[in-house]
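>>> Here is my input; please provide its structure:
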Amino acid sequence: MPKESDDASADVRRFFERKAVGYDENWRGAHGRLVDALQWEAFEFSVFSRLPEGFTFLDLGGGAGRWTHRIATTFPGSRGMLYDLTPGLVDQAARRARCGGYADRVRFRLGDVRDAADLLTGESFDLVLNSHHLLGFVDDPQAVLAALTRLLSVDGLMVSLLPSRWHAAFEGLGLEDAEQTERSLAGLQWAANPAPYRHLFTPGEIRVMHAAAQLSVDLLSGFPSLLYPGVHGTARDRAEQMLRDEDVFQRVLAMEKELFIDPDSRGRGANLFVVASRTAPRVP
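Sure thing, here's the model as predicted:
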């Protein structure tokens with residue numbers, strides 16, 4: 001009989017294989033563009049300045065290569081690897097690399113994130129990035145995070161984008177489903193999102209999980225904090241329409257950037273953004 005965790009992994013693989021068919025990043029709309037802009041701002045604010053020249057990176061769960069492409073083209077001295085579970089998405093990322101002229105600097109590897117630390121034994125990276133809610137799709141995110149720490153270089157950074165438990169509950173009530181909202185608050189399910197999440201996070205849980213993996217949380221924030229498109233229907237349509245106005249988009253982006261650096265706002269973020277480094281060894 002297959003293990004429950006193996007069944008969960010198969011569910012994740014099937015979901016993203018279906019997503020890979022006809023995948024188009026433009027489907028993410030104006031709100032997706034806002035989230036991407038905020039995520040890149042977060043990288044520039046808290047990550048890139050701490051990396052050495054010619055840094056190496058591992059894009060875990062990198063999908064069709066949105067962030068690998070942007071990192072590789074912005075930093076032509078960088079070298080990296082995209083690692084993902086879904087063949088269709090990895091194929092798209094590899095084609096993008098060939099078209100973008102960085103295929104000689106980026107490798108592509110198929111695999112389950114639970115096996116990454118073992119499959120990549122002997123490798124080390126200055127930046128280990130899991131920016132697509134990757135740890136939300138595994139049964140034991142703390143164990144996976146601890147294993148991935150083995151892939152960090154001595155001064156490397158672990159950067160994660162994690163699904164917010166509180167935001168999932170907010171969307172659950174938007175569906176007028178109290179039972180599903182309770183499951184979201186328990187960290188078990190994102191009722192308004194069809195992706196097969198296994199775990200949702202709070203800021204406090206994130207700190208405990210990183211400490212157990214001997215990682216120090218250098219930054220914990222979240223975004224978007226002000227704009228929550230409705231679960232469906234007219235509220236979401238209104239948000240999309242508002243953000244299509246470039247002037248409004250830039251004003252919302254500026255407001256969201258201000259909140260990103262405000263430590264008191266981190267819990268409002270729909271996505272929780274974490275930058276961590278190895279905990280300094282204790283002196284005997």
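>>> going forward, measure contacts and count neighbours with C-alpha atoms only.
Noted.
>>> quick one, strands of the stretch 151-284 of the chain?
152-163, 215-223, 271-278 (DSSP state E, counting those that start in this stretch).
>>> looking at those strands, which is buried most?
strand 271-278 (a mean of 23; mean count of other Cα atoms under 10 Å).
>>> now what about that strand, what contacts it?
With contact meaning Cα atoms under 8 Å, 6 or more residues apart in numbering, strand 271-278 is reached by 46-47, 149, 154-164, 203, 210, 214-224, 266.
>>> circling back: using JSON lines, lay out the strands of the stretch 151-284 of the chain together with distance to His31.
Formatted as JSON lines, these follow (distance: least, Cα to Cα, whole Å):
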{"stretch": "strand 152-163", "distance to His31": "16"}
{"stretch": "strand 215-223", "distance to His31": "11"}
{"stretch": "strand 271-278", "distance to His31": "13"}
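>>> In JSON lines: those strands, plus mean pLDDT.
Output for those, formatted as JSON lines (pLDDT from 0 to 100):
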{"stretch": "strand 152-163", "mean pLDDT": "96"}
{"stretch": "strand 215-223", "mean pLDDT": "94"}
{"stretch": "strand 271-278", "mean pLDDT": "95"}
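>>> Tell me which residue is most central in the chain.
Centroid check for the chain by Cα atoms, centre = their mean gives Ser131 as the closest residue, at 2.1 Å.
>>> Report the contact partners of that residue.
59-62, 159-162.
>>> Could you rerun that using 7 Å?
Ser131 makes contact with 160-161, according to Cα atoms under 7 Å, 6 or more residues apart in numbering.
>>> same question, the one 10 residues further on
Taking Cα under 7 Å, 6+ apart as the contact definition, Pro141 lies against Leu135.
>>> any idea how far it lies from Phe43?
22 Å (Cα to Cα, to the nearest Å).
>>> And Pro52, by the same measure?
14 Å.
>>> For Arg50, see how far away the nearest residue to Leu51 once chain neighbours are set aside is.
Leaving aside its sequence neighbours, Leu51 sits nearest to Asp126 (Cα to Cα, 6 or more residues apart in numbering; 6.8 Å). Per Cα to Cα, Asp126 is found 10 Å from Arg50.
>>> out of those two, which sits in the busier spot?
Set side by side, Asp126 and Arg50 show unequal neighbour counts under other Cα atoms under 10 Å, the larger going to Asp126 at 22 against 15.
>>> does that one really touch Phe57, like I thought?
Yes - if you go by Cα atoms under 7 Å, Asp126 and Phe57 touch, sitting 5.8 Å apart.
>>> which residues of this structure fall in helices?
Taking DSSP state H as the test, the helices found in the chain are 4-20, 29-46, 66-74, 87-100, 116-119, 141-148, 165-174, 178-185, 203-212, 234-243, 246-260.
>>> Quick check: Gly172 touching Thr181?
Yes - using Cα under 7 Å, Gly172 is in contact with Thr181, at 4.8 Å.
>>> what pairs with Thr56 across the strands?
Arg79 (DSSP bridges).
>>> number of nearby residues for it?
Neighbours of Thr56 (other Cα under 10 Å): 21.
>>> what pLDDT does the residue nearest to Leu51 get?
For Asp126, the model assigns a pLDDT of 98.
>>> next one: the one 10 residues further on
According to the model's per-residue confidence, Gly136 sits at a pLDDT of 92.
>>> For it, which non-adjacent residue is spatially closest?
His199 (4.6 Å).
>>> what's the distance between that neighbour and Leu152?
In terms of Cα to Cα, His199 sits 24 Å off from Leu152.
>>> before we move on, what about Asp11?
29 Å.
>>> now Val90
23 Å.
>>> got it, and Ala191?
Distance from Ala191 to Leu152, by Cα to Cα: 34 Å.
>>> chain center to stretch 210-217, what's the gap?
Centroid displacement of stretch 210-217 relative to its chain, using Cα atoms, centre = their mean, to the nearest Å, is 18 Å.
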